[in-house]
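> Give me a 3D structure for the following:
(one chain, ligands or ions: 1)
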Amino acid sequence: MPPNSDPVVAADAVTVRFGSTEVLRGLSLRADRGRVTALLGPNGAGKTTFLRCCTGLIAPSGGSLRVLAERPGTPAVTARVGLMPQSTGAWSGIRAADLLRYLAGLYAHPLPVEALIERLGIGTYADIPYRRLSGGQQQTVNLAGALVGRPELVFLDEPTAGLDPHARRTSWDLVRELRASGVSVVLTTHAMDEAAALADEVVIVDRGRVAVSGTVADLTADGTSLEDVFLRHTHAEAGR
Ligand SMILES: Nc1ncnc2c1ncn2[C@@H]1O[C@H](COP(=O)(O)OP(=O)(O)OP(=O)(O)O)[C@@H](O)[C@H]1O
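Numbers count the residues shown, from 1 in each chain. Okay, the predicted model is just below:
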């Protein structure tokens, strides 16, 4: 689907400061409607911090940020957005199916929970308390939680980290289905093959700013691999 002129995320010179450390240092990007935008960057580059800004969990210290043309975190926009966090300690003893039913109850028009459980292969562990699930199972439940409210924009923070190849392919298929149904996706990943397989637009973040962005084809037009483009435009975390 070609991008229209109305971005789902518009960030202009966004800054975030934690104490004396500036973690986002003038980050500017746009993510287009109906597309998959992948944020790549070294550990500590600020990707999660940016997603937290986009979902209203952190207020930027400076710059301008609009999500679905609104200020992030307002009830109106929160209801239209899904977030799959990297990890969450919040759920603890609740069983996966009960958690998803609870989350579904927060939305006006949720997806049918049983169908979502079936689609993501959660059925075999749906009655196990969240804290006893394996890391990959928790990831999958987190993904279901991000989707249950039928978001028009979904933020996925390292959605396939720790997943086995079957679960990873299921997640890839799901991201493609989301895009085909018009949902906009912004995801982070450290897997270059994942970015190449899924992303319409790749944004490489380094030390709190966008180092380079474009389609995978554009970025690798000279025959360089995406990993080499990444290495060329970023610094190792220890070099901060
Ligand atoms: N609440 C916080 N207080 C202080 N520093 C923080 C806080 N949250 C994040 N940081 C710091 O901000 C920097 C960016 O962290 P962030 O999690 O956004 O990186 P990332 O790009 O998502 O990294 P990774 O790829 O390792 O997940 C890190 O140096 C981190 O220690």
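
> State the number of residues packed around A217.
Number of residues near A217 (other CB atoms under 10 Å) recorded here: 8. C-betas here are computed from N, CA, C, even on glycine.

> likewise the one 3 residues further on?
By the other CB under 10 Å criterion, the neighbourhood of T220 contains 17 residues.

> repeat for the one 5 residues further on
For S225, the neighbour count with other CB under 10 Å is 12.

> so how far is the ligand from it?
20 Å (CB to the nearest ligand atom, to the nearest Å).

> If we ignore the residues flanking it in sequence, what's nearest S213?
Computed as CB to CB, 6 or more residues apart in numbering, the closest residue to S213 that is not its neighbour in sequence is V203, at 4.3 Å.

> What lies in contact with whichever strand or helix holds that neighbour?
Here V203, judged by DSSP states H and E, is contained in strand 201-206. The contact list for strand 201-206 (CB atoms under 8 Å, 6 or more residues apart in numbering) reads 27, 29, 31-32, 35-42, 45-47, 50, 195, 210-216, 219, 226, 229-230, 233-235.

> what sits up against the longest helix along the chain?
Longest helix of the chain, by residue count under DSSP state H: helix 165-180. With CB under 8 Å, 6+ apart as the test, helix 165-180 has contacts from 1, 34-36, 119-121, 136, 139-140, 143, 147, 154, 156, 159-160, 163, 185, 187, 194, 197-198, 200.

> Go through the residues you listed and flag which are in strands.
The members of these that map onto strands under DSSP state E are 36, 154, 156, 185, 187.

> ok, the first one - contacts?
Contact analysis of V36 by CB under 8 Å, 6+ apart lists 175, 179, 184-187, 198-201.

> mind listing what the residue positioned nearest the centre of the chain touches?
By CA atoms, centre = their mean, the chain has its centre lying nearest to L156, at 2.2 Å. L156 is in contact with 84, 143, 146, 175, 185-188, counting by CB under 8 Å, 6+ apart.

> Return the set of residues that bridge with it.
Residues in a beta bridge with L156, per DSSP bridges, are M84, L187.

> Where does pLDDT dip in the chain?
1-5, 88-91, 238-240 (pLDDT under 70).

> Break it down into its domains, please.
1-80+152-235, 88-150 (automatic domain parsing).
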